[in-house]
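Asker: mind looking at a prediction? Sequence and model below.
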Amino acid sequence: MQTGLEDAYLVKDGKKLRLGYTTGSCAAAAAQAAAICLLTGNRPDRAELMTPKGIQLCLPVCFFQETECEVTFGVKKDGGDDPDATHGLWILATVSRLTEPEIVIDGGKGVGRVTRSGLDQPPGAAAINRVPRAMIREQVLKVMQKEGYPGGIRVVISVPEGEETAKRTFNPRLGIVGGISILGTSGIVMPMSEEALIATIRVEMEMRRASGSRYLLMVPGNYGEDFLSRYPQVDTEQAVKCSNYVGAVLEMAVEMGFEGILFVAHIGKFIKVSGGIMNTHSHQADCRAELLAAQALRRGADPETVRRILATDTTEEAVEILVHAGCLSETMEEVMERIVFYMQHHTEGRIRTEAIVFSSWHGVLGESAGAGELIRQFQKKSKTPQQATGHQTCPGEEEKG
């Protein structure tokens with residue numbers, strides 16, 4: 001069966017990557033098929049819908065169950081070439097009649113429940129985001145209108161393997177319990193999309209702001225989070241992982257009204273920020289040795305030390321050279337000043353920006369002037385064992401690159 005995505009590809013690094021469809025599109029298609037069956041008795045094998053992105057989909061649907069009161073259809077999620085934890089899951093829609101002329105949408109088994117403020121849905125609601133809800137409603141309403149049905153429809157979205165799959169997503173960290181979220185703003189999955197990764201970071205930032213946080217603690221990934229364990233007074237659960245998107249995070253922090261932001265990052269990532277680079281992915285910029293050599297030269301390093309730094313493959317090697325040359329401290333002063341300068345420049349001074357930069361071998365290499373004061377904003381508070389939560393892997397590359 002042709003889905004409408006056969007010729008839809010994203011070219012990345014010279015490779016053609018296949019597009020997919022979101023859990024929201026799956027839920028809408030399943031709801032459409034179930035509504036048709038409920039109101040007509042027919043069992044369709046496909047559902048056609050227009051996505052918010054403007055791509056027409058024709059998705060295969062599967063009949064699951066019918067009782068006196070309700071009908072269940074499902075669509076198997078296809079994320080294309082995106083490394084998505086939900087790829088291959090069955091997204092089910094169970095529909096039943098209501099007396100009142102309304103459409104009620106809820107989540108069943110395997111769909112998470114929101115427990116914290118600041119997310120797309122309010123606490124207590126099923127984690128079915130706004131756009132998927134609108135898509136589901138639109139598809140069901142079309143069927144009701146076509147069949148001249150005057151009553152209402154209740155739609156329950158469920159994911160049989162959703163609870164187990166959710167453990168591999170950000171949901172536990174965001175306070176979404178019991179399953180996955182039904183997501184998608186466009187209805188289409190763009191493989192390894194930067195927009196999708198930044199949107200995930202935005203959700204966690206919004207949640208922090210809604211909970212009353214005035215300051216943000218940011219780490220590019222697992223290295224930064226692990227390094228925070230050296231500060232026993234710091235609650236590492238407050239750390240938000242930003243991957244490579246320093247500039248985007250700064251812009252979102254300003255937009256959301258945060259007062260300050262503290263980055264804790266490996267030298268391999270944040271040396272790039274000392275040159276004004278706000279996306280630290282190696283495909284965007286890989287001038288670590290050049291920037292560290294430049295900052296060392298500015299603080300009086302001799303030409304031979306600079307040449308040796310330029311010949312290194314890793315920043316850890318370069319730091320060793322600075323240690324033996326006796327100019328690490330002076331160099332890092334320059335690095336930290338420039339990191340803060342460029343972050344302030346990027347935000348036009350509208351938010352306080354601080355940073356702690358470390359090395360795996362030598363620990364803290366440099367702190368901005370106010371980093372020590374700002375880190376006290378993230379001190380641990382007493383928690384019951386039931387409140388403890390785990391951590392998930394950050395999207396994007398590790399910090400050292």
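Answerer: Looks like it arrived, so ask away.
Asker: burial of Leu365, as a residue count?
Answerer: Close neighbours of Leu365, defined as other C-beta atoms under 10 Å, add up to 23. C-betas here are computed from N, CA, C, even on glycine.
Asker: wasn't it part of a helix?
Answerer: No: read with DSSP: H, G, I helix; E, B strand; the rest coil, Leu365 is strand and lies in no helix.
Asker: just list the residues touching it, thanks.
Answerer: Ile267, Val319, Leu328, Met332, Val335, Val357, Phe358, Ser359 (C-beta atoms under 8 Å, 6 or more residues apart in numbering).
Asker: and those, which is closest to Ser96?
Answerer: The closest of the contacts of Leu365 to Ser96 turns out to be Phe358 (C-beta to C-beta; 56.3 Å).
Asker: contacts for the helix or strand where the closest one lies?
Answerer: In the assignment (DSSP states H and E), Phe358 maps to strand 352-359. Identification of contacts with strand 352-359 by C-beta under 8 Å, 6+ apart yields 227, 250, 259-267, 270-271, 273, 315-316, 319, 332, 335-336, 339-340, 343-344, 347, 364-371, 374-375.
Asker: was I right about Cys43 contacting Gln65?
Answerer: Careful, residue 43 is Arg and not Cys. No: assessed by C-beta atoms under 8 Å, Arg43 is found out of contact with Gln65, at 11.4 Å.
Asker: okay, now the sheet partners of the helix-or-strand element of the chain with minimal mean pLDDT, with direction.
Answerer: Within the chain, confidence by mean pLDDT, DSSP states H and E is lowest for strand 9-12 among all helices and strands, at a mean of 75. When pairing is defined by DSSP bridges, strand 9-12 lines up against strand 15-18 (antiparallel).
Asker: Val156 sits in which helix or strand?
Answerer: Element membership for Val156, per DSSP H and E: strand 152-158.
Asker: tell me which of Arg43 and Gln65 has more neighbours.
Answerer: Using other C-beta under 10 Å as the criterion, Arg43 and Gln65 rank with Arg43 on top: 15 against 12.
Asker: picking up where we left off before, distance to Pro122 and neighbour count added to the contacts of Leu365, as CSV?
Answerer: Converted to CSV, those look like this (distance: C-beta to C-beta, whole Å; neighbours: other C-beta atoms under 10 Å):
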residue, distance to Pro122, neighbour count
Ile267, 42, 26
Val319, 48, 24
Leu328, 50, 22
Met332, 46, 25
Val335, 44, 28
Val357, 39, 27
Phe358, 39, 22
Ser359, 44, 21
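Asker: enumerate every residue touching Ala27.
Answerer: Applying C-beta under 8 Å, 6+ apart to Ala27 gives the contacts Val75, Ile91, Ala93, Ile128, Pro132, Met135, Ile136, Ile157, Ile182.
Asker: sec struct for the nearest residue to Ser186 once chain neighbours are set aside, please.
Answerer: In space, and not counting its chain neighbours, Ser186 is closest to Lys53: 3.8 Å by C-beta to C-beta, 6 or more residues apart in numbering. Here Lys53 is recorded as coil under three-state DSSP.
Asker: now the helices for the stretch 1-150 of the chain?
Answerer: In the stretch 1-150 of the chain, the segments counted as helices under DSSP state H, counting those that start in this stretch are 23-40, 130-147.
Asker: what's the last one packed up against?
Answerer: For helix 130-147, the packing partners by 3 or more C-beta pairs under 8 Å, 6 or more residues apart in numbering; DSSP states H and E come out as helix 23-40, strand 46-50, strand 103-107, strand 152-158.
Asker: what's next to the second one, contact-wise?
Answerer: In this structure, residues lying in contact with strand 46-50 by C-beta under 8 Å, 6+ apart are 1, 25, 28-30, 32-33, 56-61, 75, 135, 139, 187.
Asker: in the helix or strand hosting Leu322, which residues are buried?
Answerer: Under the criterion of DSSP H and E, Leu322 resides in helix 315-325. Buried residues in helix 315-325, counting neighbours by 16 or more other C-beta atoms under 10 Å, are found at Thr315, Glu316, Ala318, Val319, Glu320, Ile321, Leu322, Ala325.
Asker: would you map the strands across the stretch 201-350 of the chain?
Answerer: For the stretch 201-350 of the chain, applying DSSP state E, counting those that start in this stretch gives strands covering 215-219, 239-241, 260-266.
Asker: Leu310: which of those strands is closest?
Answerer: Taking C-beta to C-beta, strand 260-266 is the member of those nearest to Leu310, at 19.9 Å.
Asker: for that closest one, what is the average pLDDT?
Answerer: For strand 260-266, mean pLDDT is 97.
Asker: show me what that strand is packed against.
Answerer: strand 215-219, helix 222-227, helix 246-256, strand 352-359, helix 371-375.
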